[in-house]
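> sequence? don't have it. structure:
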């Protein structure tokens, strides 16, 4: 393991390639949501806005982008936890939660406020069930707002129709719920971290499997409170509450931090990478709903992430100025892309732009979404996020950076 893999020239923790991974993950989610939105507005009778939403590839690519974010997040943050414990003997929870709030909450709250207060004022997007998003948001408006504001969007996802422009925030909510307790658990089990994280992952996956077995054999043990529909909803919620994928990233951090080379060399083996890549590609084109699929996809993402960011012999390099910059603004890309997309779509529908030309409609829709997303994200990073990143650096015990080429940009 080379020293430059862990640290940049100014001794900050740095992993080459992670920004490139962030960039590709963020853009896969854009494709996923553009096609989903075209499906929402499409009238099946006329098929005016044909889309790829019902294809397995389109559905899977967005989820796999999100999985990469989860594994990467668990890896980097837990690595910093382990480094802090190694340096100080403990983990400062107050400083961690302060850093987390400064990094995540400012832009998150801006997006929530924009989605509830401003977006409905200038958009009126139809929904394929006959009720527009503007109409649906009024039903339980303040209750919905409270769920999003207090990082419970993953629960809101199953209670109401999607809230236009901010439906993607459910994954941020899952991460924040995880990190509410993960640093405490890491500190508590610091001397037994490996068996703890394995137990944590196994427990999460086992519950998912048991719930699915119960659903398949529901007629044996029917329940008036947990009906079959409610059981299916619980299973879906438990699957998107993918803390096992965050913990898989944490497991990778432990293996890399403690130089468990026997396992890492297995992960770096070219045939392991080839087989993993083949399986990963195959999973893009099938319905991914088998037992323990969140665990399997998390492991695949972990193998690819470790090779890209920590294996100096891996042929795929995602390390250059462009990837670094796009990776740095990837949080904004993820949070703002739906607002940008709905804004572009609204004006295309309002003025009937290319409504009879599918090719031009898609070209303008995609190009407008990407350009506006990048512009908003760049502005956010320079004028909003950087301010809070500088404040965040004051609470860092272990210094980290998201850009080896810039000493002022923090993870």
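Perfect, thanks for sending it. None of the values given here were measured: they were computed from a predicted structure.
> Residue 57 is in contact with residue 286, isn't it?
No. Contact criterion CB atoms under 8 Å: residue 57 and residue 286 do not qualify, at 9.7 Å. The C-beta positions use only the backbone N, C-alpha and C, and glycine is treated the same way.
> give me phi/psi at residue 289?
Dihedral angles of residue 289 (phi, psi; degrees, to the nearest 10) stand at phi -150, psi 20.
> Check what pLDDT the residue nearest to the spatial centre of the chain gets.
Centroid-nearest residue in the chain, with CA atoms, centre = their mean: residue 66, separated by 3.5 Å. We have a pLDDT of 93 for residue 66.
> And the strand or helix carrying it, what's buried?
Residue 66 belongs to helix 56-88 when elements are defined using DSSP states H and E. Residues 58-85 are the ones in helix 56-88 that count as buried (16 or more other CB atoms under 10 Å).
> any weak-confidence spans in the protein?
For the chain, residues meeting the criterion pLDDT under 70 lie at 1-11, 128-130, 402-411.
> now with 50?
1-4, 8-10, 405-411 (pLDDT under 50).
> where exactly do the helices run in the stretch 301-411 of the chain?
Per DSSP state H, counting those that start in this stretch, the stretch 301-411 of the chain carries helices over the ranges 321-328, 330-350, 358-380, 386-393.
> most packed of those?
Mean neighbours per residue, mean count of other CB atoms under 10 Å, is largest over the helices of the stretch 301-411 of the chain for helix 330-350, with a mean of 22.
> Just list what that helix packs against, helices and strands only.
Helices and strands touching helix 330-350, by 3 or more CB pairs under 8 Å, 6 or more residues apart in numbering; DSSP states H and E, are helix 18-41, helix 93-113, helix 119-122, helix 358-380.
> Between helix 330-350 and the first one, find me the angle.
What that stands for is helix 18-41. Computed by axes from the mean of the first three to the mean of the last three CA atoms, to 10 degrees, the angle separating helix 18-41 from helix 330-350 equals 30 degrees.
> before we move on, what about the second one?
Relative orientation of helix 93-113 and helix 330-350, computed by the same axes, to 10 degrees: 10 degrees.
> Buried residues of helix 93-113, list them for me.
95-96, 99-104, 106-108, 110-112.
> okay, the angle between that helix and helix 358-380?
Using the same axes, to 10 degrees: helix 93-113 against helix 358-380 is 140 degrees.
> who's in contact with stretch 257-264?
1, 79, 82, 83, 86, 254, 255, 256, 306, 310 (CB atoms under 8 Å, 6 or more residues apart in numbering).
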